[in-house]
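1. Fold the following and give me the result.
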Amino acid sequence: MFGWEFPPFNSGGLGTACYGITKALSQKGVEINFVLPKNVEITEGFLNIISANLPKTKITLVDSLLTSYMTNESYWTALQSPENRQHSYSSNLVDEVHRYAEIAGKIAATVPHDIVHCHDWMTLPAGEAAQKVSGKPLVSHIHSTEADRSGGRGNNPQIFEIEREGILRSDRIIAVSNFTGKRITDSYHIKQNKIDVVYNGIDKSEFEEEDLDSRNLLGKKIVLFLGRLTLHKGPDYFLQAAKKVLEKNDDVIFIISGTGDMERKTIENACELGIGDKVLFTGHIRDKDLRRIYKMANLYVMPSVSEPFGITPLEALASKTPVLISKQSGVSETLRHCLKVDFWDIDEMANKILAVLENQELEECLMTNGNAEIDKLSWDVAADKIITLYKSLVPMKI
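-> Residues are numbered from 1 along each chain as shown. Next up, the predicted model:
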């Protein structure tokens with residue numbers, strides 16, 4: 001299995017999904033060699049913790065600068081640091097992806113395996129290289145496409161071609177939602193019968209251990225945005241809705257948790273809208289702080305322009321916080337006990353935020369029923385579907 005981020009060294013949902021899937025597969029007896037770019041200082045202690053949680057998984061580290069949601073610009077910045085100049089890293093992001101693939105082929109030649117499973121565009125060439133060496137079936141797990149990540153700004157032609165080639169060469173494709181499956185068929189002209197939809201899951205226990213009920217900690221109603229501050233996550237729509245809410249109810253605090261290429265612009269937008277004193281920016285948070293901030297909120301809002309799935313609403317519901325989600329998201333296919341809105345409909349978004357903040361019965365109904373509903377979305381369910389897919393490719397091995 002090839003990935004490019006893994007908790008606790010992750011900045012988005014892909015790392016969370018890789019861990020959840022790997023843990024569930026490992027506990028069901030599937031032996032996994034998870035190949036990961038070593039883009040941070042990973043200690044032996046970290047590997048010991050991982051091996052305790054993943055009894056059938058070995059982590060293989062590849063010396064590479066690749067990291068989650070990397071762009072050509074961020075790769076070049078990383079390359080300029082003195083410690084990185086001493087390594088044989090490639091001069092640009094795409095070349096480094098192919099260098100990673102060359103190493104992947106060497107690993108595949110020495111590590112026995114029955115399936116090659118890769119996650120998203122950065123690892124598709126690695127999956128192809130492993131497939132070429134071993135002749136084993138290739139499964140491509142698509143958590144987002146270049147069309148999703150570009151957010152309407154136009155595809156990067158190099159990344160688009162890497163994605164297209166990898167998807168075409170795959171024996172099976174896993175899409176995280178029907179929304180994503182349709183995007184794959186439309187963008188790459190793949191037959192629907194080659195695609196299996198496997199929804200992401202949630203481990204509720206991770207969000208139930210925190211006993212502190214932090215709601216009203218600030219003495220005001222709290223609305224939360226948590227995610228990368230980038231175009232397709234819709235932070236600008238969140239702020240526009242916040243302004244409309246505050247025009248009718250000034251006793252609300254909006255919290256934005258996350259970092260990204262739009263961070264500075266989002267902070268400036270809050271000031272330009274005249275609501276800077278009502279919006280708190282926390283930066284990127286994780287672990288205990290992540291669990292506590294979900295519990296602080298009266299409502300979690302995910303206004304994504306294009307969201308292949310969206311794990312954060314599940315985390316909010318596991319924390320017993322109601323959610324308002326974009327209809328342009330894969331997770332909207334799985335949830336009934338939540339509020340939904342078109343990302344561009346700022347008036348409706350504001351009205352639904354106000355409805356939850358001003359109607360305690362509605363808030364409690366969404367909280368209780370939403371929390372119960374996510375029981376059906378577990379990593380065990382996802383793992384069972386993936387194992388069934390594996391068996392269809394190597395029926396005598398699993």
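2. Strands of this structure, residue ranges please.
-> 32-37, 57-62, 116-119, 138-142, 172-175, 195-197, 221-226, 252-257, 279-283, 299-302, 323-326, 339-341 (DSSP state E).
3. For residue 88, what are phi and psi?
-> Main-chain torsions, residue 88, degrees, to the nearest 10: phi -90, psi 40.
4. quick revisit: mean pLDDT lowest where, among the strands of the chain?
-> For these, mean pLDDT drops lowest on strand 57-62, to a mean of 84.
5. low-confidence ranges in the stretch 1-150 of the chain?
-> 9-11, 39-53 (pLDDT under 70).
6. and the longest helix seen in the chain, what does it pack onto?
-> Identified as the longest helix of the chain according to DSSP state H is helix 93-110. Judged by 3 or more CB pairs under 8 Å, 6 or more residues apart in numbering; DSSP states H and E, the packing partners of helix 93-110 are strand 32-37, strand 57-62, helix 72-79, helix 120-134, helix 157-169. Where C-beta positions appear, they are placed from N, C-alpha and C, glycine not excepted.
7. so can I have CSV of the strands of the chain showing distance to residue 24 and mean neighbour count?
-> Output for those, formatted as CSV (distance: least, CB to CB, whole Å; neighbours: other CB atoms under 10 Å):
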stretch, distance to residue 24, mean neighbour count
strand 32-37, 11, 22
strand 57-62, 11, 16
strand 116-119, 13, 27
strand 138-142, 14, 25
strand 172-175, 14, 24
strand 195-197, 16, 18
strand 221-226, 24, 24
strand 252-257, 27, 22
strand 279-283, 30, 16
strand 299-302, 24, 26
strand 323-326, 23, 25
strand 339-341, 28, 20
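8. closest one to residue 206 among these?
-> Among the strands of the chain, strand 221-226 comes nearest to residue 206, with 15.2 Å by CB to CB.
9. mind saving the C-alpha coords of stretch 6-17 as CSV?
-> The C-alpha coordinates for stretch 6-17 follow below in CSV (Å, rounded to 0.1, in the frame of the first residue of the first chain):
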residue,chain,number,x,y,z
PHE,A,6,-0.2,9.1,7.9
PRO,A,7,-1.2,10.2,11.4
PRO,A,8,0.1,12.0,13.4
PHE,A,9,2.0,13.5,10.5
ASN,A,10,-1.0,14.5,8.4
SER,A,11,-2.8,17.7,7.5
GLY,A,12,-6.0,16.4,6.0
GLY,A,13,-8.6,13.7,5.7
LEU,A,14,-6.5,11.4,3.5
GLY,A,15,-4.1,10.5,6.3
THR,A,16,-7.1,9.9,8.7
ALA,A,17,-8.7,7.6,6.1
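10. From residue 254, how far out is the most far-flung residue of the chain relative to its centre?
-> Here the centre of the chain is the reference, and by CA atoms, centre = their mean the most remote residue is residue 248, at 33.6 Å. Residue 248 is 14 Å from residue 254, where distance means CB to CB, to the nearest Å.
11. Settle this for me: residue 206 is touching residue 319, isn't it.
-> No - contact criterion CB atoms under 8 Å: residue 206 and residue 319 do not qualify, at 9.8 Å.
12. if I look at the two, which residues touch both of them?
-> Residues touching both residue 206 and residue 319 (CB atoms under 8 Å, 6 or more residues apart in numbering) are residue 291.
13. Same drill for the two, tell me which one is more crowded.
-> A side-by-side neighbour count of residue 206 and residue 319, using other CB atoms under 10 Å, places residue 319 first with 24 against 15.
14. circling back: show me the contacts for the residue farthest from the centre of the chain.
-> Per CB under 8 Å, 6+ apart, neighbours of residue 248: 350, 354.
15. May I have the predicted confidence score for it?
-> pLDDT, residue 248: 97.
16. Show me how this protein divides into domains.
-> As given by automatic domain parsing, the domain ranges for the chain are 13-201+378-393, 205-376.
17. how about those domains in a markdown table, adding distance to residue 3?
-> Formatted as a markdown table, the domains of the chain follow (distance: least, CB to CB, whole Å):
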| stretch | distance to residue 3 |
| --- | --- |
| domain 13-201+378-393 | 5 |
| domain 205-376 | 15 |
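18. May I have the beta-bridge partners of residue 222?
-> residue 253 (DSSP bridges).
19. That one is in contact with residue 297, isn't it?
-> Yes - under the criterion of CB under 8 Å, residue 222 makes contact with residue 297 at 4.8 Å.
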